[in-house]
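A.B. asks: Here's my sequence, what's the structure:
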Amino acid sequence: MNMKKLIAGLVVVGFGLFGSQALADDGPSRLIIGLDLSASNPLVTDNAYASKAGRRVGDEIGKLVYRSELSVRTFGAYDADANPFTFDAIASVNDEPEALKNDMTLFISNVPLLVQQGKLQTQPMTNIIAFMEELSLTLDCREMPTTIILVTDGVEDSEYVRLIHRDAQLPLPEKKIFYRCAELQILGLGRGINSPSETKRLREEWEKWAKAAGFKNFVGLNDW
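C.D. replies: Predicted coordinates:
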């Protein structure tokens with residue numbers, strides 16, 4: 001599925017492609033964005049959340065310098081055919097960080113619209129752990145600083161665990177599958193549950209998981 005074609009079908013107001021010379025004294029990095037398209041995740045229905053998440057992710061993309069890598073994936077069901085959307089780019093003269101920022105901000109902000117139009121399909125499960133495990137198989141964070149941002153409420157709903165239950169716990173990885181990766185961010189943690197105590201529980205569960213997986217830092221935000 002082509003992001004550029006999806007964006008071309010949107011009404012674009014206030015977004016353009018602007019050139020931006022990357023800072024020469026900053027080294028390249030890798031940024032991976034995972035979008036949770038499960039039907040239970042507010043990203044697919046909540047325009048305000050999608051817009052805020054789009055701006056937050058866009059700000060991170062705008063910090064990339066030339067030769068940095070950007071990848072975007074969707075997840076939900078444990079089925080490759082259910083997640084045909086992929087986007088990969090290397091920040092360069094042809095793919096300026098500012099242009100990538102604007103495109104991705106627009107795309108994420110309009111996920112609810114794209115779902116309504118049938119251009120993106122919601123999914124019945126929330127396989128966050130499986131998505132991360134598959135991602136780790138082809139990722140070496142020793143090559144360059146790597147940050148992973150997941151736009152999700154963080155409520156794993158899979159054969160691993162149904163985290164919606166108050167006594168449920170995330171199964172921890174047996175080894176550091178993200179050894180030396182810089183940071184895992186979850187944007188929208190507990191979103192839609194409307195319970196500060198449950199958001200706290202989810203944050204603690206994912207913080208433990210991120211540490212066991214080898215991330216140097218974890219950020220879990222309900223709102224920002």
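
A.B. asks: if we look at stretch 141-149, which residues are touching it?
C.D. replies: Applying CB atoms under 8 Å, 6 or more residues apart in numbering, the contact partners of stretch 141-149 are 27-34, 57, 60, 68-69, 132, 135, 139, 178-187, 214. C-beta here means a position set from N, CA and C on the backbone, and glycine is covered the same way.

A.B. asks: Out of the residues you listed, which end up buried?
C.D. replies: 28-34, 57, 60, 68-69, 132, 135, 139, 178, 181-187, 214 (16 or more other CB atoms under 10 Å).

A.B. asks: So which of the residues you listed belong to strands?
C.D. replies: Mapping the buried ones among the contacts of stretch 141-149 onto strands (DSSP state E) picks out Arg30, Leu31, Ile32, Ile33, Gly34, Glu69, Glu183, Leu184, Gln185, Ile186, Leu187.

A.B. asks: Let me know the closest of those residues to Glu204.
C.D. replies: Ile186 (12.2 Å; CB to CB).

A.B. asks: my read: that closest one touches Thr152, true?
C.D. replies: Yes - look at Ile186 against Thr152 with CB atoms under 8 Å: they come within range, at 6.2 Å.

A.B. asks: Which positions in the top helix by length along the chain come out as buried?
C.D. replies: The longest helix of the chain (DSSP state H) is helix 196-213. For helix 196-213, burial by neighbour count (16+ other CB under 10 Å) applies to Glu198, Thr199, Arg201, Leu202, Arg203, Glu205, Trp206, Glu207, Trp209, Ala210, Ala212, Ala213.

A.B. asks: Cool, thanks, talk later.
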